[in-house]
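Undergrad: Kindly generate the corresponding structure for this input.
(chains A and B)
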Amino acid sequence: MLSIKNLHASIEGKEILKGINLEIKPGEIHAIMGPNGSGKSTLASVLAGREEYEVDKGEIFFDNEDILEKSPEDRARDGLFLAFQYPVEIPGVSTTNFLKAAVNNVRKHRGLEKLDAVKFLQAMKEKMKLVEIDQSLLSRSLNEGFSGGEKKRNEVFQMALLDPKLAILDETDSGLDIDALKIVSNGVNKLRTDKNAFLVITHYQRLLNYIQPDFVHVLVNGQIVKSGGKELALELEERGYDWIREEEAVK
Amino acid sequence: MSKDDQILEEITNSEYKYGFQSDFESDSAPPGLNEDIVRFISEKKNEPEWLLEWRLKAFRNWQKMKEPKWPNVEYPPINYQDIIYYSAPKKKKKVDSLDEVDPELLETFKKLGISLEEQKRLTGVAVDAVIDSVSVKTTFKEKLGELGVIFCSFSEAVHDHPELVKKYLGSVVPQNDNFFAALNSAVFSDGSFCYIPKGVRCPMELSTYFRINAANTGQFERTLIVAEEGSYVSYLEGCTAPMRDENQLHAAVVEIYAEKDAEVKYSTVQNWYPGDKNGKGGIYNFVTKRGLCKGDNSKISWTQVETGSSITWKYPSCVLAGDNSIGEFYSVAVTNNRQQADTGTKMIHIGKNTKSRIVSKGVSAGFSQNSYRGQVEVHKRAENSRNFSQCDSLLMGDKCGAHTFPYIDVKNASAQVEHEATTSKIGEDQIFYCNQRGLDTEEAVALIVNGYAKEVLKQLPMEFAVEAQKLLAISLEGSVG
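TA: Below you'll find the predicted structure:
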C-alpha cells in the first residue's frame, strides 16, 4: 500500500530525512519510534505533502501510484490521512460543517454522491460512539477551546469518518491521560481491517500497549536504523535509544 | 515558493468576476457640474420647485467645501468637471409585467443571478431595481400598499408623497454634512424611498439592487427610510458593477429615521468593481450613511459586507438621540489587490441608557490597505450609556496592511465603553490542515474567512447571507472561473 524508497527530504536547506525505506501492506500496523529531532514528524509531513519540505531524492508510492507530485488534498482524497500532533483551530467554522466539506470532497473523488445533511448526521452519529465524542463538541468551532485530549479524540473521530486506506498518527498519544489514551486506541483498533493500514508515530512505548503493532521501526537521525516486532518497543522502553546509536556507530 | 506566497499570488491574480457590460442606450447630461446641470437633472426628473431650490442650495454649499483628505487612502485628484452627472436608460415607460422590461436588462440581472422572475416567484422579496439611476421595475408594491408601506423609487416618492420627502429629506444627513453628501444633495439621480407607518411590521425584506452602467457616470443614489412609531423593517441593498477602465465616482447618501419603539435593520452587500489587479479602474465609493434613533427605545442596525470598490470611504453611523435607543454596526470589509478601504462607524450617544455595539472584521489580501475608523461619542446627558467595540483584522500574505483608528470621546462618567481589537494571519497550518482533509486551498480560504466573519454574516437575512458567503469566496479566490 505504501512504499517508501531511499527518501531524502529537507527543510530550508537542512536535510532531515536521509534515506528512508519502508513498506506497508494492507492490514498492517507499523510503529515508528525515535528520539526527539530524529525526523518522525517530518516523515509524516512529507507523506501528507506539506510544501515547506523539499523531497530531494527517493520515491513514495501509495497504492502503486507515485504521489510525490500530488497535492496534499489529492493525497487526502486518495485515502491518506494524517492525525495531527497539533490540530489547528479554525474559529467560526463548526466541526460538523468542516467535516461535511471534508467527507464530501473525499466522496466526490471516489465517485460517490454527496451526503445530504441528514445522511451526514447519521454517518457522524455512528462514528461518534466509536471514539466516545460528544455531540456538543462537534457543534463548536473546530478545535477552538478544545482540551488536548478533545483535540486528539477529534482527530481519531475524523479518521473514522473519512475511512482512509492509510492513517498516519503523529504522536497522537502525546498529552493524553490514560483514559483518553484508551479511548483513542480503542477507536483505532475498531477501525482496523485487513484492507487498511496504520503508521503510528510515537515517542513512548505506552501507546503500543493498547495498539499492537506488527512492526516497530526505530528512526534515528533521519534513517530507520532498526526494525523488528513489537518486542523491540519494549526493549526501547527499557534501554532507551543510546544502545541503538552505539550499534550504528559500530557499523 | 511557500504556501502563503502561492496563495497570495493566486489571490493577487484573481480578477473581478462580474465584468460585463450591457449596452442599452442612455440619455446623458454633458460632463461637468454647474447650476445648469443641477437644473437639467431636476427638470429631467420633473421635480417641484422646492426640490430644485434644495439642490441648488446644496450645490452652492458644495462649491465652498473641500474634499476630505483625512482618510487613509490615496488616489489621483478627481476632476469633478469631467464627470457626467446624469444618465438614464431611454425607455422610461412604466411597465406592468416583466415582458415589457428591456430584455437586455433582464439578461443583466440573470448574469448577476438575481433575475426579477426568480426573485418574484421564489423568495417573495420585493425588488426595486435601479440601473443607471432610474428605477425600472418595482414589484410587490400593491401588497405592501395594503399595509400602508411605501417602497418606491425616490423620484416616485417626490411626486407621490412630497410631504414625506420634504419632511425627512436631509433630516439625518444635512445638505452640508460633508463634501460628498453635499455633492449628492445637489445632483442625486434616484434611489429608494421607504416608509413604514405606525405599528406596522413590514412582512418582507425590502431589497434594492444597484448597478453602475453607463461609462463615466457618477452614481449619486439617495435613499431615505422612515420608520414610524413601533414599526419594523428589514432593508437590503446589494450591488455589483461591470468591468471598467475609468474610475467611477459613487457618492451615495442613505438616511434612516426611526421614531419611538421603531426598529430598522439595514443590510448591504457591496461589490462595486474594485479595479484590476494593478489597481486600474474601479469604483470610488464615498458614501454617507447615517441613522437617527429619534424616538425612545428605537433601534437601528447596520450590517455591511464590503468586497468591492477600489476605494471605500464609508461610516454607517447611528445618532442615539432617544432614551434607551440602540445602535449596531456589523461589518466585514475585504480588500484585495490594490484596493483601499477606510470604513467603520460612528455611534453618538445622546439619550440616556443608550447602547451601541460595533463588530468589525477586516480582511486584507494582496497589496491592499484596510482601515477601520470608528468613533464612539458619549454626550453629557447620556447617563448609563454603553458601547462595546470589537475590531478584528485578518491578514493574508505580507504585502497588505490593516489599520485601526478608534476615537473615543466620553463626557459622562457613568458610561461604559469597551474596545477590543485583534490582528491575525491566515496560517499555513490552517490551510494545510484543511488540505489534509481533502479541501483545496481556495475552499480552505473561503471556509476560514467565512468562519472569521461569521458573527457578522449571521446578522444578514438567510438568502443574503448565502450570497455574501459566496461573494467572500469569490473575492478571495484565484483566477480560475
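Undergrad: near chain B, which residues of the stretch 1-150 of chain A show up?
TA: A:48-52, A:71-73, A:76-77, A:81-82, A:84, A:86-88, A:90-93, A:98-99, A:101-102, A:105-106, A:109, A:141 (Cβ under 8 Å from any Cβ of the partner chain). No exception for glycine: its C-beta is placed from N, CA and C like everyone else's.
Undergrad: Where helices are concerned, which of the residues you listed count?
TA: A:48, A:72, A:73, A:76, A:77, A:98, A:99, A:101, A:102, A:105, A:106, A:109 (DSSP state H).
Undergrad: Just the buried ones out of those residues, please.
TA: A:48, A:72, A:73, A:76, A:77, A:98, A:99, A:101, A:102, A:105, A:106 (16 or more other Cβ atoms under 10 Å in any protein chain shown).
Undergrad: For the spatially closest residue to the first one that is not a sequence neighbour, give its distance to residue A:242.
TA: Right, residue A:48. Residue nearest to residue A:48 in three dimensions, not counting chain neighbours: residue A:82, with 4.4 Å by Cβ to Cβ, 6 or more residues apart in numbering or on different chains. Distance of residue A:82 to residue A:242, given as Cβ to Cβ, to the nearest Å: 30 Å.
Undergrad: out of those two, which sits in the more crowded spot?
TA: Set side by side, residue A:82 and residue A:242 show more neighbours around residue A:82, with 28 against 9, by other Cβ atoms under 10 Å in any protein chain shown.
Undergrad: if I look at that one, how far off is residue B:432?
TA: When residue A:82 is compared with residue B:432 (using Cβ to Cβ), they lie 9 Å apart.
Undergrad: Give the residues shared as contacts by these two.
TA: residue A:48 (Cβ atoms under 8 Å, 6 or more residues apart in numbering or on different chains).
Undergrad: residues touching the residue in the stretch 51-200 of chain A that chain B sits nearest to, list them.
TA: Nearest residue of the stretch 51-200 of chain A to chain B: residue A:92, at 3.0 Å (Cβ to the nearest Cβ). Contact analysis of residue A:92 by Cβ under 8 Å, 6+ apart lists A:141, B:450, B:451, B:452, B:453, B:454, B:455.
Undergrad: Over to the one residue in the stretch 351-481 of chain B that gets nearest to chain A. Which of the three states is it?
TA: Chain A sits closest to residue B:451 of the stretch 351-481 of chain B, with a gap of 3.0 Å, by Cβ to the nearest Cβ. Three-state call for residue B:451 (DSSP: H, G, I helix; E, B strand; the rest coil): helix.
Undergrad: State the distance from residue B:42 to residue B:153.
TA: Distance from residue B:42 to residue B:153, by Cβ to Cβ: 16 Å.
Undergrad: actually residue B:410, sorry about that
TA: Distance from residue B:410 to residue B:153, by Cβ to Cβ: 41 Å.
Undergrad: who's more crowded, the two?
TA: residue B:153 (22 against 18).
Undergrad: Over to that one: give its phi and psi.
TA: Dihedral angles of residue B:153 (phi, psi; degrees, to the nearest 10) stand at phi -70, psi 160.
Undergrad: is it true that it touches residue B:191?
TA: Yes. When contacts are counted by Cβ atoms under 8 Å, residue B:153 is listed as touching residue B:191 (7.2 Å).
Undergrad: Tell me which stretches of the chain form helices.
TA: Reading this off chain A. Going by DSSP H, chain A shows helices at A:40-48, A:72-78, A:95-109, A:117-131, A:135-139, A:148-162, A:178-191, A:230-239, A:242-250.
Undergrad: wait, I meant chain B there
TA: B:3-12, B:35-44, B:49-64, B:103-111, B:116-118, B:141-147, B:154-160, B:162-168, B:179-187, B:428-436, B:441-452, B:454-457, B:462-476.
Undergrad: Tabulate those (CSV), appending mean neighbour count and mean pLDDT.
TA: Shown next, in CSV, are the helices of chain B (neighbours: other Cβ atoms under 10 Å in any protein chain shown; pLDDT from 0 to 100):
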stretch, mean neighbour count, mean pLDDT
helix B:3-12, 18, 49
helix B:35-44, 17, 89
helix B:49-64, 16, 95
helix B:103-111, 17, 55
helix B:116-118, 15, 48
helix B:141-147, 13, 79
helix B:154-160, 20, 90
helix B:162-168, 15, 96
helix B:179-187, 26, 94
helix B:428-436, 23, 93
helix B:441-452, 22, 90
helix B:454-457, 20, 90
helix B:462-476, 19, 76
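Undergrad: of the ones you listed, which approaches residue A:36 most closely?
TA: helix B:428-436 (20.2 Å; Cβ to Cβ).
Undergrad: Mind checking if the closest one is in reach of chain A?
TA: Yes. Contact of helix B:428-436 with chain A (Cβ under 8 Å from any Cβ) involves B:428, B:429, B:430, B:432, B:433, B:434, B:435, B:436.
Undergrad: got the angle for that helix vs helix A:95-109?
TA: 50 degrees (axes from the mean of the first three to the mean of the last three Cα atoms, to 10 degrees).
Undergrad: The residue nearest the centre of chain A: what's it in contact with?
TA: Geometric centre of chain A, nearest residue: residue A:168, 1.8 Å, by Cα atoms, centre = their mean. By Cβ under 8 Å, 6+ apart, residue A:168 lies in contact with A:44, A:47, A:48, A:80, A:81, A:82, A:83, A:198, A:199, A:201.
Undergrad: same thing with residue B:338?
TA: B:275, B:277, B:278, B:279, B:310, B:366, B:367, B:368.
Undergrad: what bridges to the residue lying closest to residue B:333 once chain neighbours are set aside?
TA: Closest residue in space to residue B:333, ignoring its immediate chain neighbours: residue B:306 at 4.2 Å, by Cβ to Cβ, 6+ apart. When bridges are called by DSSP bridges, residue B:306 pairs up with residue B:270, residue B:333.
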